Every structure is written in structure tokens, then in C-alpha cells.
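S.K.: only geometry, no sequence info:
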């Protein structure tokens, strides 16, 4: 009888070890899965933070560019008012500074929105500053302020005067 009890206890012993081994494998797999999820969550977090940082940098860049565009507008006004200047050296200096601003903006991907008189008004790129009487509706009469974009994004629409068709009424 001793042999049978020893056999059972050895069998029970191996059975207990198998259960213990199985539990340890399940626990290992659970920890591994948790670690993998944490790793994936961390990588996603890093990616989201990088995207947020890029958006913030882009926003700040646009803010600075808008301020530079105001300075460029001043140079353009100075150029127009000093066309017949007595001192061409001063005008040449203004034009060099203006060119520097234009080159700087181009280097940073800023493009001028081409708005021209006698062309159709496009609300995506232009904003109405004033309406004037004209023969045809929705035609640009004058560009008041240039517009600019970075890639496909308009950062400052052009301000334009747009024609409004004249309607003559008979009071008979």
C-alpha cells in the first residue's frame, strides 16, 4: 500500500506543479500584456505631444508673420509715397529692406494671394473692405491690402473693393 500512496502523492505533486506553472504563465502573460499596453500608450502620448508642439509652433509662426506683414505694408506705402523722391538713395534703402522682408517671408513658405482689379471676387482669399458701383456684380475694383497664405491656409485675406451692379429704376 505504501507504493500506491507514494505514487499518488508524486502524481499530486506533479499536478500541483503543473497548476502552479500554468498560473505563473498566465500571470506572466497578463504582466506582459499590461506592459505592452503601457508602452503603446506612452508612444501614443509622445506622438500627441509632438503634434501639439508642432501646432503651437505653427500658430506662433503665423502670429509673427502677421506682424511682419504689417511692417511690409508700411514699406509698400512708403515706396508708393516716395516714388518721385528727391533722394533716390533713401528710396533704394527702403526697397532693399522691403525685398529682405519679401525674401524672408518666401523662405518661410508665405505666398502672396494674387488679387487683381477686374477679376472675380473670391471670398476664400479676399474680404470686402468696401462696395463700389460698377457695371458688373462681384468684380474687384481695387486692392486695398494684399493677402497672404502659407501653403493652402490663408493667414490674411486680401482686402478689396468690390463692384456692385448699378440698378436704374424708372419713376414713371
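M.R.: Nice, I can see it. Not measured: the values here are computed from a predicted model. Numbering: from 1, shown residues only.
S.K.: quick one, longest helix in the protein?
M.R.: Selection of the longest helix in the chain by residue count, based on DSSP state H, yields helix 2-81.
S.K.: middle-most residue in this structure, spatially?
M.R.: Closest to where the C-alpha atoms of the chain average out (Cα atoms, centre = their mean) is residue 58, at 5.8 Å.
S.K.: how would you label residue 115: helix, strand or coil?
M.R.: Per DSSP: H, G, I helix; E, B strand; the rest coil, the secondary structure class of residue 115 is coil.
S.K.: per-residue confidence for it?
M.R.: Model confidence at residue 115, given as pLDDT, is 93.
S.K.: show me what contacts it?
M.R.: By Cβ atoms under 8 Å, 6 or more residues apart in numbering, the contact list for residue 115 reads 122, 125, 126, 140, 143, 146, 147, 158, 160. All C-beta spots, glycine's among them, are computed from the backbone N, C-alpha and C.
S.K.: okay, and the beta partners of the closest residue to it other than its chain neighbours?
M.R.: Take residue 115 and drop its neighbours on the chain: the residue closest to it by Cβ to Cβ, 6 or more residues apart in numbering is residue 158, 4.1 Å away. Legend: beta-bridge partners of residue 158 under DSSP bridges are residue 126.
S.K.: number of residues surrounding residue 158?
M.R.: 24 (other Cβ atoms under 10 Å).
S.K.: dump the residue contacts of it.
M.R.: 113, 115, 125, 126, 127, 143, 144, 145, 146, 147.
S.K.: ok, so of these, who is nearest residue 98?
M.R.: Nearest to residue 98 out of the contacts of residue 158 is residue 146 (Cβ to Cβ; 12.3 Å).
S.K.: residue 164 belongs to a strand?
M.R.: Yes - according to three-state DSSP, the state of residue 164 is that of a strand.
S.K.: that one contacts residue 131, doesn't it?
M.R.: Yes - contact criterion Cβ atoms under 8 Å: residue 164 and residue 131 qualify, at 4.5 Å.
S.K.: so which of these two has more stuff around it?
M.R.: The neighbour count for residue 164 versus residue 131, taken as other Cβ under 10 Å, is higher for residue 164 (16 against 13).
S.K.: just list the residues touching the more buried one, thanks.
M.R.: Counted by Cβ under 8 Å, 6+ apart, residue 164 has contacts 131, 132, 133, 134, 137.
S.K.: give the contact list for the last one.
M.R.: For residue 137, the contact set (Cβ under 8 Å, 6+ apart) comprises 163, 164, 165.
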